[in-house]
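# The following block contains a protein sequence and its predicted model.
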Amino acid sequence: MEYNFRDIEPKWQKAWVENKTYQVAENGDKPKYYVLNMFPYPSGAGLHVGHPLGYIASDIYARFKRLQGFNVLNPMGYDAYGLPAEQYAIQTGQHPEVTTVQNINRYREQLDKIGFSFDWSREVRTCSPEYYKWTQWAFQKMFNSFFCNKEQKALPIEVLIKHFETEGNPGLDVAQSEPLTFTADEWNSWDEKKKSDVLMNYRIAFLGETMVNWCPKLGTVLANDEVIDGVSERGGYPVEQKKMRQWCLRVSAYSQRLLDGLDSIQWSDSIKETQRNWIGRSEGTEVEFQIADSDEHFTIFTTRADTMFGVTFMVLAPESELVQKVTTAEQKKEVDEYIKYVKGRTERERMIDRKVTGVFSGSYAINPFTGEKNPIWISEYVLAGYGTGAIMAVPAHDSRDYAFAKHFNLPIIPLVEGADVSEESYDAKEGIVTNSPRKDVKPYIDFSLNGLTIKEAIAATKKYVKEHNLGRVKVNYRLRDAIFSRQRYWGEPFPVYYKNGIPCMIPEECLPIKLPQVEKFLPTETGEPPLGNATVWAWDEANRKIVENSKIDNKTVFPIELFTMPGFAGSSAYYLRYMDPHNDKALLSPEAANYWQNVDLYVGGSEHATGHLIYSRFWNKFLYDYGFSVKDEPFQKLINQGMIQGRSNFVYRIKDTNTFVSLGLKDNYDTTPIHVDVNIVSGDVLDVEAFKAWRPEYNNAEFILEDGKYVCGWAVEKMSKSMFNVVNPDMIVERFGADTLRLYEMFLGPVEQSKPWDTNGIDGCHRFLKKFWNFFVGQDDKVVATDAPASKEELKSLHTLIKKVTGDIEQFSYNTSVAAFMVCLNELTKMKSTSREVKEALVVLIAPFCPHIAEELYHLLGHSGTVCDAPWPAFNEEHLKEDNMKMMVAFNGKARFPMEFPVGTDNAAIEKAALENPQSAKWMEGFTVAKVIVVPGKMINVVLKK
RNA sequence: GCCCAGAUGGCGGAAUCGGUAGACGCGUUGGUCUCAAACACCAAUAUCGAAAGAUGUGCCGGUUCGAUCCCGGCUCUGGGUACCA
């Protein structure tokens, strides 16, 4: 009987569904293991062979863990909200829900063919109301929370309100948008609106003013890449920087915890490093500067407190509120012009052309260390959003300050011994401090840094600043709060209505607030977001229900928020929902949370390093603070699978003709390379007839062949439709079977590495499975297996494999596992092994990789039940023990010939035997032996000298 | 610019602790089977060389009896990030 994957695979896939083989429940008798893939966005293009790579890798791990006796949760779902479906809706009028469901069904069909062990009974979709009820719920929890810096956790907003009522806010150490000061009396005297506004300064989900790219003509906010040269990509309308009220999440409050948490999880160093940079912790000093001839003062932030004596000017961000205060009457016109100029520049423009710009404000600041008056400048190179939006400029030791000083001809004072600052600044934090204070001026204060190293000088300055009340030591984070609203249709609606300008939460019992129907998916004519098109979108407070907009009276019926949530809202806590997906009383039950805890293994692309993987950790930490999640970190171990690239093929058309020339001859002509569908090319040889049929314009194409063949060129590129290099997994499954696809995807190379797909190589894996099948099944359709004990060689071969595969799977080194299978099968075939013991073990070993063939053979071996519940074969070291050790004799490190010794031979005897071996004489001729190094079992190294 | 990762045959990639570099697969070449092709099987396949042998893991240098592996410097490729003071 042949290996008939076309019968075997659908048969077992059906059996798994019928027997609910992969459904799991909390089970206290077994240890749990939670394997998770980043859930896909179901795009209209369907899956290509690159998509399942991570799913296969995690499926192998999940199956392996199950065979080892773990209760494995391996769920799958869809990140179903997103822009492409909405864009498609705008173009075609087709409701996003319709296309999304179509795409999901297509994905499911494709996934099912590959034989995953997903528990589909736990499927979630971010766009289903049963799911986004809990996204809305979490948002409300964040709205009703603030972050206490002292306890480093979220607390209910009522705690803060109580504090305000009794003590006001002095001395409060909480995360906030900007510093405010008020007393209890002031608080108590404020009306509802004012209180609401003040609380926004503290809530974890809050309405905040943020800078956005605003296009007045389109009436919408544009993302950075939708703006080109200051005008909108679509329409070419002017775009300006505008402060807009948006929902935000106070992710920045969790900066330190997000940073510290990285030490406790097993992620790759590179992704941890990316997150550390993104969080951007920097320890520095805030120093107060008095404005000359004024009572005003301002604060700057610096990490280089050692350079206080090298300050030659100050710079404010153009958006800083201080700008108006420091601008003098004479400079006002110039400053206003500059501010106007900066406003017209987008972030993108600033990035591309980095010219030095700025304007003098007319005022001076007094340097508390030198007493000198430093001019205050305004320049866009200082960012309002970081630190205090004001800096002290030390041109000698900061390249940006240096460029500015050179451009505006400002003084430069070097502060490091031997530093040459005539051509560029000296930015390194190494060297001995000098000129601090300068020897040619009378010291202003009794404080010197001269002679100290830079590190010592920073510490000494910090100490001085603290003791003399000139400022404070401060830690800054680069991490920004996340903007949480979008002016789009296809996303979660906010459970918020506006009562006389005050945002109010729709009661928790009324959730979910379902996305309303609209006729058009574009912004309204008055410039409102698409939800403005909904006619039933108002909140009747008394009757607690959604009603027609026409009923809005702002007394009992109020408008509902028109923004929707961004993509990361639904994907931030989905792993918790998988633990208890059908619970309509809570996000998840405490029982489920306590049993499944957190994700043990998370598999997905590294492109989410600074998006999803930060938001998710933030979201989980927030839920952890309230006890909904039982672990501070959501994903214990993370594997980033690489991309599968496409391997494109080219044909070469001779210019202005319809003649195509083969690769080897193309240099004789003036040709244009043209992408050709990889599915009509085999082994880089073009199927000429298929090419003619491919497109009408090639019907009468002519070819210049080499050796009777048309050879195509090739290149590795991204797998995409436009390059005609997309390979569909369905086609591979049809031709070779799911088991072959799974095996080959893993065999291509390390999971974490990007590598090109080449369908030609798949034959090797398919051949292996055919041989594997033939090893078990004889001519008469019966499994050939004898109960006689396995020979020593068979056991050695088998246990080498057990050891290798067990170790490899733990380390996600699947490609070498596959190679080990091939070697082992080869050996066993040569031995004509018929041992049942060996075959039983082999079936279980291959089950994680190729579950269908394993299941079939398991049954042919006489088992009922599923191979998924078989025990993983135990490794026995005894079988690998050798009688002899094979060693290489090397001369000066170069290996020459092998020798064998019984295990346990002592080093002296080995040395003697090696030197007396007749082959050695040849190499030792003309040399004397300096010493001999014996590495038992490996190497006998004879060190020779003349 | 800064941070991270990587560079090994014609190709994808092995070498898990510093010990015979190139496992395994593809491709290529030769052979067996076949009227023939396909399939299958066997053999060879880093480079130079008839061979003995020599040279080889991006480049230069170092440590070591011995380096793909450790150290210093450089080049290139991929990814992230960007006036973050």
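Received the coordinates, thanks. Numbering: from 1, shown residues only, chains lettered A, B, ... in the order given.

# Let me see the contact set for the residue nearest to A:Arg472 when sequence neighbours are not counted.
Nearest residue to A:Arg472 in three dimensions, chain neighbours excluded: A:Glu286, at 5.3 Å (CB to CB, 6 or more residues apart in numbering). In this view, the C-beta of every residue, glycine as well, is placed from N, C-alpha and C. The contact partners of A:Glu286, by CB atoms under 8 Å, 6 or more residues apart in numbering, come to A:Thr299, A:Ile300, A:Phe301, A:Thr388, A:Gly471, A:Arg472, A:Val473, A:Lys474.

# Out of the residues you listed, flag the one nearest to A:Ile157.
Nearest to A:Ile157 among these is A:Lys474, at 26.4 Å by CB to CB.

# hang on, isn't that closest one packed against A:Ser282?
No: here A:Lys474 does not reach A:Ser282: they are 9.3 Å apart, not a contact under CB atoms under 8 Å.

# okay, the two: which has more neighbours?
Using other CB atoms under 10 Å as the criterion, A:Lys474 and A:Ser282 rank with A:Lys474 on top: 18 against 14.

# Would you list the phi and psi of the closest residue to that one other than its chain neighbours?
Ranked by CB to CB, 6+ apart and with sequence neighbours excluded, the top spatial neighbour of A:Lys474 is A:Glu286, at 4.6 Å. The phi/psi pair for A:Glu286 (degrees, to the nearest 10) reads phi -100, psi 130.

# Show me the beta-bridge partners of A:Glu286.
Counting by DSSP bridges, A:Glu286 forms beta bridges with A:Phe301, A:Arg472.

# Roughly how far does it sit from A:Gln324?
22 Å (CB to CB, to the nearest Å).

# which residues does the residue in the stretch 51-200 of chain A that RNA strand B sits nearest to contact?
Evaluated by CB to the nearest atom of the strand, the stretch 51-200 of chain A has A:Leu53 as its residue closest to RNA strand B, separated by 12.2 Å. Contacts here follow CB under 8 Å, 6+ apart; on that basis A:Leu53 touches A:Gln641, A:Gly642, A:Ile644, A:Glu745, A:Val751.

# right, and the helix or strand after the helix or strand hosting A:Tyr61?
A:Tyr61 is located in helix A:52-67, with elements delineated by DSSP states H and E. Sequence-wise, the next helix or strand downstream of helix A:52-67 (DSSP H and E) is strand A:71-73.

# now for that next one, which elements pack on it?
strand A:32-37, helix A:52-67 (3 or more CB pairs under 8 Å, 6 or more residues apart in numbering; DSSP states H and E).

# I'd like the ones you listed laid out as JSON lines, including mean pLDDT.
Shown next, in JSON lines, are the helices and strands packed on strand A:71-73 (pLDDT from 0 to 100):
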{"stretch": "strand A:32-37", "mean pLDDT": "98"}
{"stretch": "helix A:52-67", "mean pLDDT": "97"}
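
# Minimum distance to A:Asp260: which of the ones you listed has it?
In terms of CB to CB, the element of the helices and strands packed on strand A:71-73 nearest to A:Asp260 is strand A:32-37, at 22.9 Å.

# Contacts only, for A:Tyr341.
Neighbours of A:Tyr341 in contact, by CB under 8 Å, 6+ apart: A:Thr357.

# and it, that's in a helix?
Yes: A:Tyr341: assigned to a helix according to DSSP: H, G, I helix; E, B strand; the rest coil.

# hang on, the earlier thing: can you redo the helices and strands packed on strand A:71-73 as TSV with distance to A:Cys510?
Shown next, in TSV, are the helices and strands packed on strand A:71-73 (distance: least, CB to CB, whole Å):
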stretch	distance to A:Cys510
strand A:32-37	31
helix A:52-67	37
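
# related to what we said a few turns ago, out of the contacts of A:Leu53, which are inside strands?
A:Ile644 (DSSP state E).

# Top of the contacts of A:Leu53 by number of neighbours, please.
Result: A:Glu745 is most packed of the contacts of A:Leu53 (other CB under 10 Å), 28 neighbours.

# In contact with that one, which residues?
Per CB under 8 Å, 6+ apart, neighbours of A:Glu745: A:Val49, A:Pro52, A:Leu53, A:Ile56, A:Ile644.

# Verify the stated contact: A:Ala405 with A:His397.
No: using CB under 8 Å, A:Ala405 is not in contact with A:His397; the gap is 11.3 Å.

# Now for A:Ser606, how many residues are close by?
Neighbour count for A:Ser606, taken as other CB under 10 Å: 18.

# Who's the closest spatial neighbour of it, skipping the chain neighbours?
In space, A:Ser606 is closest to A:Asn640, 3.9 Å off (CB to CB, 6+ apart).

# Please name the bridge partners of the one you found.
Beta-bridge pairing for A:Asn640 (DSSP bridges): A:Gly604.

# Could you give the number of residues near it?
A:Asn640 is flanked by 22 other residues according to other CB under 10 Å.

# Same question for the one 3 residues further on.
As a burial measure, A:Met643 scores 16 neighbours (other CB under 10 Å).

# That one contacts A:Gly605, doesn't it?
Yes: the criterion here is CB under 8 Å, and A:Met643 meets it with A:Gly605 at 7.5 Å.

# ok, and the closest non-adjacent residue to the closest residue to RNA strand B within the stretch 251-400 of chain A?
With CB to the nearest atom of the strand, the shortest gap between the stretch 251-400 of chain A and RNA strand B falls at A:Ser270, namely 2.8 Å. Leaving aside its sequence neighbours, A:Ser270 sits nearest to A:Ser606 (CB to CB, 6+ apart; 7.7 Å).

# got a list of what the one you found touches?
Counting by CB under 8 Å, 6+ apart, A:Ser606 has contacts A:Ser268, A:Ser270, A:Ile271, A:Asn640.

# Find the helix or strand that A:Ala913 is a member of.
Going by DSSP H and E, A:Ala913 is in helix A:907-916.

# quick one: buried residues of the helix or strand just after that helix?
Once the chain leaves helix A:907-916, the next helix or strand it forms, by DSSP H and E, is helix A:918-924. Neighbour-count burial for helix A:918-924, counted by 16 or more other CB atoms under 10 Å, picks out A:Ser920, A:Trp923.

# After helix A:918-924, which helix or strand is next? Please name it.
For helix A:918-924, the following helix or strand on the C-terminal side (DSSP H and E) is strand A:928-935.

# Please see if that next one touches RNA strand B.
Yes: using CB under 7 Å from any atom of the strand, strand A:928-935 reaches RNA strand B at A:Ile933, A:Val935.

# hmm, back to that, and the helix holding A:Ala913, how far out from the chain's middle?
56 Å (CA atoms, centre = their mean, to the nearest Å).

# now swap in stretch A:460-473 and tell me
Relative to its parent chain, stretch A:460-473 has a centroid offset of 40 Å by CA atoms, centre = their mean.

# What are the contacting residues of that stretch?
A:283-288, A:299, A:305-306, A:308, A:368, A:447, A:449, A:452.

# Give me the subset of the residues you listed that also touch RNA strand B.
Residues of the contacts of stretch A:460-473 in contact with RNA strand B (CB under 7 Å from any atom of the strand): A:Gly284.

# from the contacts of stretch A:460-473, which is closest to A:Asp625?
Nearest to A:Asp625 among these is A:Glu283, at 25.6 Å by CB to CB.

# Burial check on that closest one, number of neighbours?
A:Glu283 has 11 neighbouring residues, counting by other CB under 10 Å.

# list the contacts for the closest residue to RNA strand B within the stretch 451-600 of chain A?
Here the residue of the stretch 451-600 of chain A nearest RNA strand B is A:Arg478; by CB to the nearest atom of the strand that distance is 3.7 Å. Listed by CB under 8 Å, 6+ apart, the contact set of A:Arg478 reads A:Trp278, A:Ile279, A:Gly280, A:Arg281, A:Ser282, A:Tyr386.

# wait, isn't the fifth one in contact with A:Leu479?
When you say that, I think you mean A:Ser282. No: applying CB under 8 Å as the test, A:Ser282 and A:Leu479 come out as separate, 11.3 Å apart.

# which of the contacts of A:Leu53 lies closest to RNA strand B?
Distance ranking of the contacts of A:Leu53 against RNA strand B, using CB to the nearest atom of the strand, places A:Gly642 first at 8.1 Å.
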